[in-house]
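Asker: sequence unknown, structure follows:
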């Protein structure tokens with residue numbers, strides 16, 4: 001199983017250390033975080049970002065390559081809601097679907113569920 005965090009999932013885990021401890025205990029860590037998620041999750045103020053940055057040091061950051069970007073655009077178009085679904089969410093879904101057992105932790109399950117319906121591999125969506 002591979003956890004991929006959207007910005008809401010990242011923020012939720014940064015604020016809930018007990019949940020993070022449980023994920024580690026169950027062998028479900030480290031999570032993967034597409035680097036584009038940092039744009040949504042961080043403020044640029046190190047004082048406000050301290051908990052999120054601390055969590056990011058335990059994650060695997062993944063750059064968005066051409067393959068992921070193309071898959072994200074395919075997923076976004078397939079939902080027929082391309083104008084309302086955030087690009088960041090499409091990248092999270094694409095990265096979760098590129099490995100078996102992808103699980104997305106998000107605060108926006110509605111859009112991720114829509115994207116998951118069109119993914120090449122099954123994606124589980126868990127609300128943060």
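Answerer: Sure thing, it's come through. Remember, it's a predicted structure, so these values are computed and weren't measured experimentally. Numbers count the residues shown, from 1 in each chain.

Asker: going by neighbour count, which residues in the helix-or-strand element of the chain with minimal mean pLDDT are buried?
Answerer: Scoring the helices and strands of the chain by mean pLDDT, DSSP states H and E places helix 17-25 at the bottom, with a mean of 90. For helix 17-25, a neighbour-count test (16 or more other Cβ atoms under 10 Å) marks 20, 23 as buried. To be clear about C-beta, it is placed using only N, CA and C from the backbone, and glycine gets the same treatment.

Asker: got it, and stretch 96-111?
Answerer: 96-98, 102-106, 108-109, 111.

Asker: pLDDT check: weakest of those?
Answerer: The lowest pLDDT within the buried residues of stretch 96-111 belongs to residue 108, with 81.

Asker: if you skip the residues just before and after it, what's nearest to that residue?
Answerer: residue 8 (5.9 Å; Cβ to Cβ, 6 or more residues apart in numbering).

Asker: as a quick check, tell me the outermost residue of the protein.
Answerer: Outermost residue of the chain with respect to the C-alpha centroid, by Cα atoms, centre = their mean, is residue 47; its distance is 23.2 Å.

Asker: which strands or helices does the least confident helix or strand of the chain pack on?
Answerer: helix 7-15 (3 or more Cβ pairs under 8 Å, 6 or more residues apart in numbering; DSSP states H and E).

Asker: how far does stretch 48-60 sit from the chain's center?
Answerer: 14 Å (Cα atoms, centre = their mean, to the nearest Å).

Asker: list of residues touching stretch 51-67?
Answerer: 5, 10-11, 13-15, 20, 29-36, 38, 41-42, 46, 68, 72, 91, 95, 98 (Cβ atoms under 8 Å, 6 or more residues apart in numbering).
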